[in-house]
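**Student:** Dropping the sequence and predicted coords here.
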Amino acid sequence: MPPMKRFATTAGLFACLALCLQAQAADTSSFFDPVDGKFDVSTYLAENAFGFLPVPSIITEPAVDGGLGLMGLIFHEDEESAEKRKQAMLTSEKASAYLLPPNVSAIGGAYTGNGSWFVGGGHMGFFKQGRIRYQGGGGYGDLDLDFYSVGDKDLNRAVALNSKALLISQSLKFKIGDLPLYIGPLQRYVDSEISPAKSFGDLFPVEFPPEFVDKITDLLTSEITSSGLGIEFELDTRDNVFSPTEGLQWNFSYLAYRDELGSDLHYDSYHLTGLNYFRFTDSFRGGLRLDMESVEGDEALPPFAQPGIKLRGIPAARYQGSNVGVLEAEISWEIENRWSVLGFVGAGKTAESFSDINDAGSQVARGLGFRYLVARRYGFQMGMDLARGPEDTVFYITAGSAW
């Protein structure tokens, strides 16, 4: 059996085993929908104190030789919200549409073929009837990854770097009046130790000046703390936060990394994301994603601080630059209320300056996938995507929206 298929099979077995072990301690009816009688974990998650949804993850990054991860999602609701959601589930197929989202916690870890590993957790909370939103998480990892550029300079070949890093990220947003607009502070912190996993050898092109080579070599063999504080604006009209079918989510964030915040790096980061979900008919839906990210500073930045093209089918950190633009479209066909199939295509560009991004070459990825509505009460879907990028074909287990 090919390695990637073996990973997928193992991940699926992990998820099934976890659900079966839970089912031994619960009424089996908790795993079937009271309306359509199909497999559904909503009741179990809502009414069992120890209920959690196991989400297997297939790591398709070639730089780490593939791998497996497993995450547990725990849904929290007060009694009033849980009862309202339960009644909506009994009277409507679209039980979760426009209801106040539940709070969700996650904890998990991953291990890869080249020995890299990561453990972490997070929480998404909604307070004051959704007027206050908190999202935060953190973790620690020991990762070997391949990078292809440093400080906007392309290298002769990929450089394998080992990064031992502690990461913390959190945001707190407040609703503006009765508008679907939110604003609040944003914080990012990375404490990392970077070292080459292999000898640099002939890594640098001969035209690189010696002083630049020395500077980059020092940058790739150092302990670096990156600490930023900023602000985030969000427009959100989605009908569901997990697997939206209609509405918009536009988000703009600005982060300043400064000495006063304990950062060894001095730079600014800008990020604009526009997610657009459309329902054309009862069965056909579409989506359009715009993603633009930029960093500005007077010094070369380590690879982990550089934005990169994020598309299904393109490995992480394969295409990086100070300025990145991505456009992705998706269309899905709802075969029936539980099952849907989809197709997607996207393109990304990187450039040293934002004005040059239109002239940069595009990296294109496309693919197919399917979804199953595994928790109708929450509008939560799971499925799989198969994507073809410029170099490889990879697949992903998707929990919630792929975006």
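**Tutor:** Great, that's in hand.
**Student:** From here on, just use CA atoms for contacts and neighbour counts.
**Tutor:** OK.
**Student:** if I look at Gln187, how far off is Asp65?
**Tutor:** As for Gln187, its distance to Asp65 is 32 Å (criterion: C-alpha to C-alpha, to the nearest Å).
**Student:** of these two, who's got more company?
**Tutor:** Taking other C-alpha atoms under 10 Å, Gln187 and Asp65 do not tie; Gln187 has more neighbours (20 against 17).
**Student:** Could you list the paired strands of the top strand by length along the chain along with their orientation?
**Tutor:** Longest strand of the chain, by residue count under DSSP state E: strand 153-175. Strand pairing for strand 153-175, using DSSP bridges, gives strand 132-150 (antiparallel), strand 181-196 (antiparallel).
**Student:** which one of the ones you listed lies closest to Arg371?
**Tutor:** The closest of the strands paired with strand 153-175 to Arg371 is strand 132-150. By C-alpha to C-alpha, the value is 25.2 Å.
**Student:** For the closest one, give the mean pLDDT please.
**Tutor:** Mean pLDDT, strand 132-150: 86.
**Student:** As PDB, could you dump the C-alpha coordinates of it?
**Tutor:** This file holds the C-alpha atoms of strand 132-150, laid out as PDB (Å, rounded to 0.1, in the frame of the first residue of the first chain):
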ATOM      1  CA  ILE A 132     -17.700  39.400  22.300                       C
ATOM      2  CA  ARG A 133     -15.600  36.900  20.400                       C
ATOM      3  CA  TYR A 134     -12.400  35.300  21.700                       C
ATOM      4  CA  GLN A 135     -10.100  33.000  19.700                       C
ATOM      5  CA  GLY A 136      -6.800  31.800  21.000                       C
ATOM      6  CA  GLY A 137      -4.400  28.900  21.000                       C
ATOM      7  CA  GLY A 138      -0.900  27.800  21.500                       C
ATOM      8  CA  GLY A 139       1.500  24.900  21.300                       C
ATOM      9  CA  TYR A 140       5.000  23.600  21.100                       C
ATOM     10  CA  GLY A 141       6.700  21.800  18.300                       C
ATOM     11  CA  ASP A 142      10.000  20.300  17.100                       C
ATOM     12  CA  LEU A 143       9.800  20.600  13.300                       C
ATOM     13  CA  ASP A 144      12.100  19.900  10.400                       C
ATOM     14  CA  LEU A 145      10.900  21.800   7.300                       C
ATOM     15  CA  ASP A 146      12.200  22.700   3.900                       C
ATOM     16  CA  PHE A 147      12.400  26.300   2.900                       C
ATOM     17  CA  TYR A 148      13.200  27.600  -0.600                       C
ATOM     18  CA  SER A 149      13.800  31.300   0.000                       C
ATOM     19  CA  VAL A 150      15.100  33.600   2.800                       C
END
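**Student:** Can you pull the poorly scored residue ranges out of the protein?
**Tutor:** Within the chain, the ranges that satisfy pLDDT under 70 run 1-29, 48-51, 60-63, 80-82, 86, 88-99, 148-158, 197-219.
**Student:** all helices in it, in order from the N-terminus.
**Tutor:** For the chain, helices defined by DSSP state H occupy the ranges 3-23, 42-47, 79-91, 210-219.
**Student:** Serialize the strands paired with strand 153-175 to TSV and add fields for distance to Gly287.
**Tutor:** Output for the strands paired with strand 153-175, formatted as TSV (distance: least, C-alpha to C-alpha, whole Å):
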stretch	distance to Gly287
strand 132-150	24
strand 181-196	21
